[in-house]
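Q: okay, structure incoming, though there's no sequence with it:
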Ligand SMILES: Cc1ncc(COP(=O)(O)O)c(C=O)c1O
């Protein structure tokens, strides 16, 4: 689907009142879930006592409570009460081959019988993984592994500052790059500013300038305005737009923004933590034909194995990411005890090599196209404004379009909040059919089939049937 159509249809949804959910249908779905997830309910109570907010992340479904899982295989998950689900949340995009991909697990099991990590020494697997990443992405000549996508972004920003000798960072409204001090602002809802920034001193945030995506004029104004106070070190971007394309980037924007960044002496960082392994070989940059200076990776890089992140880029920039005492210029310290540990790099080598040498990514994309086409047919048949589209095997189902509400007043903020809150009820109705979809911000793995897609579509049909007519 074209960017212009996505914007127009999301704006149309945002301009209308939310369709009203039938409370009897919603309660029936919630009760159905509760009746068969008693163990998850008990564990949720335990979790509330020992985990902040009873959770590790914002990802688990919250209505009525998160499900505790015990097994995964391919597209399926089995919860602790013995219920099976078709999973389209896929650890927020980290699971790309499918849950517990048999060949990946086999290779890790073999490895674990001999080693864990040789910090302070070296393992050839680290080189194999680095070479696999480099051969996957045309813009990457050297790579450093990190423990997460957030760490990769922290590293990229430090490298850009060391290389350019400048301080300021440009970040786009609504784009998410993890939980680092300089970019955990204005996330998810464009215009929400410092909504979730408690605990971060203003001095950090002052180094970041927020710019609306797709607005080259504004971008250039910012570059010009900051020439006098030391200039911009880097532009960081989700190359297909906020939340992996939920608020898309206009065609041609990346090229123009990169060219502008270079004209003003800044580096262009593509955050490919999600897009890196979901759009085919070479990631978003290959698809867009735009080669960034630095690329950050995570999630799909290791198919759910931990210590998952990497920053890579041009040799002259990456060489600044030193690990010894300063002896070269530019220099910055980027290193972690368990970064590049044997388990992580073995998983990375297996995943990246598999994606590069098989047609599994192509099949996953076909599956994403299949489910999009089936969903859009369904939505049309119910005369619903909902719509679906895919970017590679990233699946987006636009339901209430909170991001398309212009944040111009307190009332608009409340409208955004209610459009976001209702999504947990939508996800609960879909989950009552045994399908895991988180607010329609979903993913397709290399293990998904047309039968899985039919189940997903049936889950959304139940949602459509749950609105008052
Ligand atoms: C685009 C993007 N960048 C960075 C991150 C942060 O990665 P991590 O959660 O591994 O720190 C995420 C996580 O959702 C992401 O979606």
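A: Received the coordinates, thanks. A quick note: this is a predicted structure, and the numbers were derived from the prediction, not measured. Residues are numbered from 1 along each chain as shown.
Q: burial measure for the residue in the chain positioned nearest to the ligand, as a count.
A: Closest residue of the chain to the ligand, C-beta to the nearest ligand atom: residue 149 (2.4 Å). Any C-beta I mention is one placed from the backbone N, CA and C, and that applies to glycine too. Residue 149: 29 surrounding residues under other C-beta atoms under 10 Å.
Q: need the pLDDT of the nearest residue to it once chain neighbours are set aside.
A: Spatial nearest neighbour of residue 149, excluding adjacent residues (C-beta to C-beta, 6 or more residues apart in numbering): residue 298 at 2.9 Å. Residue 298 is assigned 98 on the pLDDT scale.
Q: swap in the one 4 residues further on?
A: Residue 302 is assigned 97 on the pLDDT scale.
Q: could you do residue 62 as well?
A: pLDDT, residue 62: 85.
Q: who's in contact with it?
A: residue 424 (C-beta atoms under 8 Å, 6 or more residues apart in numbering).
Q: host element of it?
A: Using DSSP states H and E, residue 62 sits within no helix or strand.
Q: residues of the stretch 1-150 of the chain that sit close to the ligand?
A: 92, 148, 149, 150 (C-beta under 6 Å from any ligand atom).
Q: not counting sequence-adjacent ones, nearest residue to residue 251?
A: In space, residue 251 is closest to residue 3, 6.2 Å off (C-beta to C-beta, 6+ apart).
Q: looking at the residues of the stretch 1-150 of the chain next to the ligand, spot the one nearest residue 446.
A: Nearest to residue 446 among those is residue 92, at 16.7 Å by C-beta to C-beta.
Q: could you list the low-pLDDT ranges of the stretch 251-400 of the chain?
A: 323-328 (pLDDT under 70).
Q: now with 80?
A: Where the stretch 251-400 of the chain drops to pLDDT under 80, the residues are 322-328.
Q: how about the residues of it by the ligand?
A: Checking the stretch 251-400 of the chain against the ligand by C-beta under 6 Å from any ligand atom, the hits are 271, 273, 274, 298, 309.
Q: tell me who's in contact with the second one.
A: Pointing back at residue 273 there. Counting by C-beta under 8 Å, 6+ apart, residue 273 has contacts 149, 152, 153, 177, 178, 296, 297, 298, 299, 309.
Q: cool, and the fourth one?
A: Taking C-beta under 8 Å, 6+ apart as the contact definition, residue 298 lies against 94, 148, 149, 152, 273, 276, 308, 309, 310.
Q: repeat the analysis, applying 7 Å as the threshold.
A: Residue 298 makes contacts with 148, 149, 152, 273, 308, 309, as judged by C-beta atoms under 7 Å, 6 or more residues apart in numbering.
Q: so the third one: helix, strand or coil?
A: Going back to what we said before, that points to residue 152. helix (DSSP: H, G, I helix; E, B strand; the rest coil).
Q: that one and residue 294 touch, don't they?
A: No: assessed by C-beta atoms under 7 Å, residue 152 is found out of contact with residue 294, at 9.3 Å.
Q: the two: who's more crowded?
A: Higher neighbour count among residue 152 and residue 294: residue 152, with 34 against 28, using other C-beta under 10 Å.
Q: can you list the domains in this protein?
A: Residue ranges for the domains of the chain, per automatic domain parsing: 3-101+359-465, 115-357.
Q: now do the same end-to-end measure for the shortest one.
A: Read that as domain 3-101+359-465. 29 Å (C-alpha to C-alpha, to the nearest Å).
Q: which pair in the residues of the stretch 251-400 of the chain next to the ligand spans the largest distance?
A: Greatest spatial distance among these (C-beta to C-beta): 274 and 309, at 12.3 Å.
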